[in-house]
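A.B. asks: The amino acid sequence is not available; the structure is as follows:
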């Protein structure tokens with residue numbers, strides 16, 4: 001096999017065009033076989049095989065910087081840079097599913113949030129200029145989906161301003177991000193693929209350009225002024241050259257010879273160049289090509305021959321939300337849905353099928369989505385913006401200044417909150433309950449089970465004068481956790497024996513960690529430590545009944561699937577201080593560090609967020625209060 005002979009990018013130089021075609025086929029076969037066993041991003045990588053080969057033949061990585069936006073299409077890059085052991089892909093100790101500096105000097109950007117690559121490329125190109133490295137090049141690969149993000153346009157403004165600073169921008173145009181790419185730019189790229197006349201192009205161009213950020217209207221006026229010939233009205237380079245960017249393409253993204261020729265020309269040019277490549281997501285794998293929803297953007301463990309899942313998926317948090325949204329939609333004609341290019345992953349696809357006129361896909365533009373939601377709310381409807389927890393970080397200013405300041409009734413539903421695991425550091429949703437604590441008026445719910453998710457989602461969409469947030473975990477929803485009582489707005493999940501006058505521990509359980517918190521209470525009970533377990537349900541604001549309840553206990557413990565800095569534990573601590581309640585408090589959560597990829601349960605064990613670890617520490621704390629820590633060791637907790 002040719003693939004086994006590739007130990008680094010320069011090994012590609014010795015291959016003929018016929019051998020490169022054979023190598024492409026071998027890579028696709030390898031990817032289907034490997035990713036079907038572990039799960040991962042299959043469709044995007046099948047689509048960039050020839051493009052990645054051409055990039056590494058034309059550019060000299062790592063001296064030249066080859067950058068991938070988002071990075072979920074970097075599997076081929078890994079194979080060509082000496083990483084062909086995919087047996088542990090996305091598992092602890094194995095290859096990351098994204099570029100990783102710890103793995104290779106060929107990897108640059110680890111942040112797997114979209115639309116950032118052009119900002120990185122602009123900075124690296126400027127650094128080459130400042131340091132006089134004329135023989136160093138920067139090539140940035142960005143998908144048409146990522147070009148819907150505002151950050152990409154902000155970077156293009158800077159890139160286009162430096163007409164003598166070399167930089168190659170490769171637009172990987174497959175008409176998709178997760179699903180089909182939606183928006184003005186996507187429509188423009190489609191126009192470049194299909195233009196067949198001046199009037200059609202001009203009419204379509206006006207519609208697109210007037211919606212295009214920063215440069216749209218002036219650019220249309222330039223085109224409409226007929227200062228260029230008919231060729232430039234019809235040809236695609238007119239758009240990009242008026243941005244100040246040299247344009248090459250469209251290029252067949254699966255023709256290595258054509259790709260190399262285009263990239264060589266771009267490399268020799270003394271300024272910024274766009275190389276527009278047309279690729280096919282899922283290429284070479286029939287099950288992916290026939291999967292219209294997302295062309296196998298990301299898969300679990302599948303049968304390689306059929307593409308079908310090996311295991312039947314159990315009900316997930318996302319599916320519970322999806323079904324309840326449809327029910328709410330039937331009852332509430334004023335409820336609308338918003339997604340940032342992730343209709344299926346966040347579960348709004350069912351709502352979209354039921355109410356196609358009430359769903360808005362804003363593209364990879366979380367900031368715009370949040371502000372648009374504020375406008376929708378002001379206009380009299382109630383938007384539900386479903387987004388991964390880690391991606392809401394990008395829209396913090398809009399949540400604060402557009403939604404909260406204006407007291408807009410917008411519900412943010414945060415999927416993949418807490419430790420997500422195999423996607424690595426940038427996908428863990430471990431910051432939302434910290435950064436949202438500072439937003440005045442915002443209310444934040446953390447459901448513990450499917451029933452509570454349904455109930456709290458309904459409570460959230462009833463709020464008209466403030467933003468609400470409902471956050472839940474990735475994966476399978478656990479069993480129902482019934483309440484045994486209610487104090488204020490809090491559910492009591494466990495009470496001490498009636499004869500206990502002052503229980504030892506008040507355990508504040510946050511969200512999906514409720515089963516673990518009940519396990520902690522069982523372990524403490526075996527040590528003779530009495531425990532009350534409460535689920536606050538709404539963790540912001542802190543329930544007024546919590547402080548007097550805490551005063552009736554000797555110790556308060558908070559357990560959350562969120563960073564400890566500024567999280568629920570910090571908010572509870574402040575609430576107790578404000579109420580004059582002087583009770584020792586220990587907060588358990590995620591340490592403030594970037595977590596390597598691994599299974600969720602492995603990460604929780606590594607950071608000590610497990611029932612035995614927490615029970616052991618609480619036992620020690622109670623023993624210290626009893627004054628027996630120095631005189632006798634605390635009993636072991638199994």
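C.D. replies: Cool, got the structure. The structure presented is a predicted model; accordingly, all values stated were derived computationally and were not measured.
A.B. asks: List of residues touching stretch 15-23?
C.D. replies: Contact partners of stretch 15-23, identified using Cβ atoms under 8 Å, 6 or more residues apart in numbering, comprise 2, 3, 6, 12, 50, 53, 256, 257. Using the backbone N, CA and C atoms, a C-beta is placed for each residue, glycine as well.
A.B. asks: Please work out the average pLDDT along that stretch.
C.D. replies: In this model, stretch 15-23 carries a mean pLDDT of 95.
A.B. asks: distance between the one helix or strand residue 76 maps to and the chain's centre?
C.D. replies: Using DSSP states H and E, residue 76 maps to helix 75-80. Offset of helix 75-80 from its chain centre (Cα atoms, centre = their mean, to the nearest Å): 22 Å.
A.B. asks: Report the buried residues of the helix or strand that that helix is followed by.
C.D. replies: As assigned by DSSP H and E, the chain's next helix or strand after helix 75-80 is helix 117-130. By neighbour count with 16 or more other Cβ atoms under 10 Å, helix 117-130 contains the buried residues 117, 118, 119, 120, 121, 122, 124, 125, 126, 128.
A.B. asks: wait, what's in contact with the nearest residue to residue 426 once chain neighbours are set aside?
C.D. replies: Distance criterion Cβ to Cβ, 6 or more residues apart in numbering; nearest residue to residue 426, sequence neighbours excluded, is residue 112 at 4.7 Å. Applying Cβ under 8 Å, 6+ apart to residue 112 gives the contacts 70, 71, 72, 98, 423, 424, 426, 427.
A.B. asks: Widest-spaced pair of those?
C.D. replies: 70 and 424 (12.2 Å; Cβ to Cβ).
A.B. asks: Among these two, which residue is more densely surrounded?
C.D. replies: Neighbours per residue (other Cβ atoms under 10 Å) separate residue 70 from residue 424, with residue 70 holding more: 26 against 22.
A.B. asks: Are we agreed that the more buried one is in a strand?
C.D. replies: No: applying DSSP: H, G, I helix; E, B strand; the rest coil, one finds residue 70 to be coil, outside a strand.
A.B. asks: What segments of the stretch 201-350 of the chain are strands?
C.D. replies: 246-252, 272-278, 335-339 (DSSP state E, counting those that start in this stretch).
A.B. asks: Redo these as CSV? Include distance to residue 404 and mean pLDDT.
C.D. replies: Shown next, in CSV, are the strands of the stretch 201-350 of the chain (distance: least, Cβ to Cβ, whole Å; pLDDT from 0 to 100):
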stretch, distance to residue 404, mean pLDDT
strand 246-252, 42, 90
strand 272-278, 39, 93
strand 335-339, 17, 97
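A.B. asks: Could you tell me the model confidence score at residue 316?
C.D. replies: 93.
A.B. asks: Ok, the one 4 residues further on next?
C.D. replies: With respect to pLDDT, residue 320 scores 97.
A.B. asks: quick one: it from residue 332, how far?
C.D. replies: Between residue 320 and residue 332 the computed distance is 18 Å (Cβ to Cβ, to the nearest Å).
A.B. asks: Which one's more surrounded, the two?
C.D. replies: Using other Cβ under 10 Å as the criterion, residue 320 and residue 332 rank with residue 320 on top: 21 against 15.
A.B. asks: what's the nearest residue to the more buried one if we skip its chain neighbours?
C.D. replies: For residue 320, the spatially nearest residue (Cβ to Cβ, 6+ apart) is residue 450, at 4.6 Å.
A.B. asks: which residues touch that neighbour?
C.D. replies: Contact partners of residue 450, counting by Cβ under 8 Å, 6+ apart, are 315, 317, 320, 477, 480.
A.B. asks: among these, who's most crowded?
C.D. replies: Neighbour max across these (other Cβ under 10 Å) = residue 317, 24 neighbours.
A.B. asks: quick one, what contacts that one?
C.D. replies: 415, 450, 453, 472, 473, 474, 475, 476, 477, 512.
A.B. asks: Backbone torsions only: list them for the closest residue to it other than its chain neighbours.
C.D. replies: Residue nearest to residue 317 in three dimensions, not counting chain neighbours: residue 472, with 4.2 Å by Cβ to Cβ, 6+ apart. Backbone torsions for residue 472, taken as degrees, to the nearest 10, come to phi -150, psi 170.
A.B. asks: Same check on residue 145?
C.D. replies: The phi and psi values for residue 145, taken as degrees, to the nearest 10, are phi -60, psi -40.
A.B. asks: Quickly note the distance from it to residue 16.
C.D. replies: 34 Å.
A.B. asks: show me the contacts for residue 561.
C.D. replies: Counted by Cβ under 8 Å, 6+ apart, residue 561 has contacts 417, 418, 419, 430, 473, 510, 511, 512, 513, 589, 590, 609.
A.B. asks: rerun that using 7 Å as the cut-off
C.D. replies: 417, 418, 419, 473, 510, 511, 512, 513, 590 (Cβ atoms under 7 Å, 6 or more residues apart in numbering).
A.B. asks: With neighbour count, secondary structure and distance to residue 244 added, can I get those residues in TSV?
C.D. replies: Converted to TSV, the contacts of residue 561 look like this (neighbours: other Cβ atoms under 10 Å; DSSP: H, G, I helix; E, B strand; the rest coil; distance: Cβ to Cβ, whole Å):
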residue	neighbour count	secondary structure	distance to residue 244
417	29	strand	41
418	31	strand	44
419	25	coil	44
473	26	coil	45
510	27	coil	50
511	27	helix	49
512	25	helix	49
513	27	helix	52
590	23	strand	44
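A.B. asks: I'd like the residues you listed as TSV, with pLDDT appended.
C.D. replies: Shown next, in TSV, are the contacts of residue 561 (pLDDT from 0 to 100):
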residue	pLDDT
417	93
418	88
419	89
473	91
510	97
511	95
512	94
513	96
590	93
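A.B. asks: Next one, pLDDT for the nearest residue to residue 364 once chain neighbours are set aside please.
C.D. replies: Of all residues not flanking residue 364 in the chain, residue 149 sits nearest, at 4.1 Å (Cβ to Cβ, 6+ apart). For residue 149, the pLDDT comes out at 88.
A.B. asks: Quickly note the distance from residue 149 to residue 21.
C.D. replies: Separation of residue 149 from residue 21 (Cβ to Cβ) stands at 34 Å.
A.B. asks: Sort out which residues of stretch 616-631 are buried, please.
C.D. replies: Neighbour-count burial for stretch 616-631 flags 616, 617, 618, 619, 621, 622, 623 (criterion: 16+ other Cβ under 10 Å).
A.B. asks: meant to ask about stretch 136-147, not that
C.D. replies: Taking 16+ other Cβ under 10 Å as the criterion, stretch 136-147 shows 136, 137, 138, 139, 140, 141, 142, 143, 144, 145, 146, 147 as buried.
A.B. asks: One more: stretch 248-268?
C.D. replies: Going by neighbour count (16+ other Cβ under 10 Å), the buried part of stretch 248-268 is 248-251, 253-256, 258-260, 262-263, 266-267.
A.B. asks: Just give me the neighbour total for residue 57.
C.D. replies: For residue 57, using other Cβ under 10 Å, the count is 20.
A.B. asks: Let me see the contact set for it.
C.D. replies: So residue 57 contacts 12, 13, 260 (Cβ under 7 Å, 6+ apart).
A.B. asks: where does the stretch 151-300 of the chain have low pLDDT?
C.D. replies: 176-240 (pLDDT under 70).
A.B. asks: Show me where it has its helices.
C.D. replies: Counting by DSSP state H, counting those that start in this stretch, the stretch 151-300 of the chain has helices at residues 184-194, 198-209, 216-224, 230-234, 237-242, 256-268, 286-289.
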